[in-house]
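*Asks:* Fold the following, please.
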Amino acid sequence: MKKLGLTLLIALFVVSLGKAQQNTATTNQIGNDSDAAITQSGSENDASINQNSSFGSGHTAEVTQNGSENLSEVEQNQANSEAYVSQTGSQNESYSKQAGFNILNVTQDGNGNVLSGYGSRSQVYQKNGTGIFSSDMNELTVDQLGDNNEAGVWQEHHASANISQTGVGNNGQVFQTGTPNAGAMNEATITQNGDDNSADINQRGDGNGALVEQGVYGGATGNEVDFDQIGDGNYLETKQVAANDNQVTGSQTGNDNYFRASVKGDGNTVDASSDGNENRGSWDLSSDWPAFSDGNMLGITQSGNGNENTGKISGDNNTIDIMQDGNNNSIGSDWYTEDGVIISGNNNDVSIAQTGNANMATSIVNGAGNTSTIIQN
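*Replies:* Here you go, the predicted structure:
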């Protein structure tokens, strides 16, 4: 059956050579260890590879398209499948569905390209329907170069997503689910360089990790990060460098979670909340380069017991608002430890409110025209 599928693909491809564009190549393969490759040049081409069976595994699919407004679709059923998609040009689209523990690698070079997001009907979907062990991991790697590109994925338990975008107006989305007895511990990384980009990470389960980096390799203005983690033992870190007018918003629900925000620039907003016990938060609004970060706003809200928060700011006209509701909460001196709310600069405003018993807060402010308020009930 594998040989028949390849023969059909070759025949379709030979026919397509007579046209400069609007070509269609389709292959369907049933069985084990199937290989399929489609190469197209021109515009408005369609490539479709379907490697599907109830028990088939070990498939490999490759799609290469050069031109604009091309479409790639890959569907692989069951485990140990690999798909590689390369699109060069603008307004190209790629869709994929995989079941099992699989690998998907997508490269798009141009403007307005789409690796369909998890919110759309034709979503990129990696379903781990058969693997329950720690080695059974779905892997997605996306590299997009250009403007107004979109990349997104929906992954089931024990998955890895790595999205890299360089340009203006790009959007990266990751949605991951997992259950503890099915090898949770998802990993998501979104790296964006350029202006007006957005990153959205949504994780369900325990032991998940997420990292968002914006402007680390070239600066970022007007970017947004939105995150939502539900479960225990989750980790999320955001880094924004040479970054102005950016916004980080999100929440963690569960116990023993950790959030870290690092912002180096002006006019940025960080608004994070956690609901649970023994959660930790730390933040750093410029301490190295640039020397100061001005006009930033930081808001942290924690509900539960044994929570910790600490961080420091270097700059002027910053606003810090921290609220903790519960017992045995602290701002300083641990995790890890700046220590408390530490500010160097002028005209900064610090407000700390704690409700509950056996709480602790430390605020150290150096400069002129600063205000520091601590309220404990």
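
*Asks:* where are the low-confidence patches of the stretch 251-377 of the chain?
*Replies:* Low-confidence regions of the stretch 251-377 of the chain, defined by pLDDT under 70, span residues 287-291, 334-338.

*Asks:* for it, what spans make up the strands?
*Replies:* Remark: strands assigned in the stretch 251-377 of the chain by DSSP state E, counting those that start in this stretch are 258-264, 269-275, 280-285, 297-303, 308-314, 319-325, 330-331, 341-344, 349-355, 360-361, 363-366, 371-376.

*Asks:* Any chance of those strands in CSV with distance to H157 as columns?
*Replies:* Where you see a C-beta, it was placed from the backbone N, CA and C, and this is true even at glycine. Formatted as CSV, the entries for the strands of the stretch 251-377 of the chain read as follows, by distance: least, CB to CB, whole Å:
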stretch, distance to H157
strand 258-264, 21
strand 269-275, 23
strand 280-285, 25
strand 297-303, 28
strand 308-314, 29
strand 319-325, 32
strand 330-331, 34
strand 341-344, 38
strand 349-355, 37
strand 360-361, 38
strand 363-366, 42
strand 371-376, 42
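
*Asks:* In stretch 34-45, which residues are buried?
*Replies:* 34-38, 40-43, 45 (16 or more other CB atoms under 10 Å).

*Asks:* Narrow those to those in strands?
*Replies:* For those, the ones inside strands are 35-38, 40-41, with DSSP state E as the criterion.

*Asks:* for these, which one is nearest N113?
*Replies:* Distance from N113 was checked for each of those by CB to CB. The minimum falls on Q40, at 15.2 Å.

*Asks:* Surely the closest one touches E69?
*Replies:* No. Q40 is beyond contact range of E69, at 11.7 Å (criterion: CB atoms under 8 Å).

*Asks:* now stretch 81-100: how far from the chain's centre is it?
*Replies:* Once both centres are worked out by CA atoms, centre = their mean, to the nearest Å, stretch 81-100 turns out to sit 18 Å from its chain's centre.

*Asks:* start to end distance for it?
*Replies:* Distance between the boundary residues of stretch 81-100 (CA to CA, to the nearest Å) amounts to 8 Å.

*Asks:* and Q65, bridged to which residues?
*Replies:* Per DSSP bridges, residues listed as beta-bridge partners of Q65: Q40, Q87.
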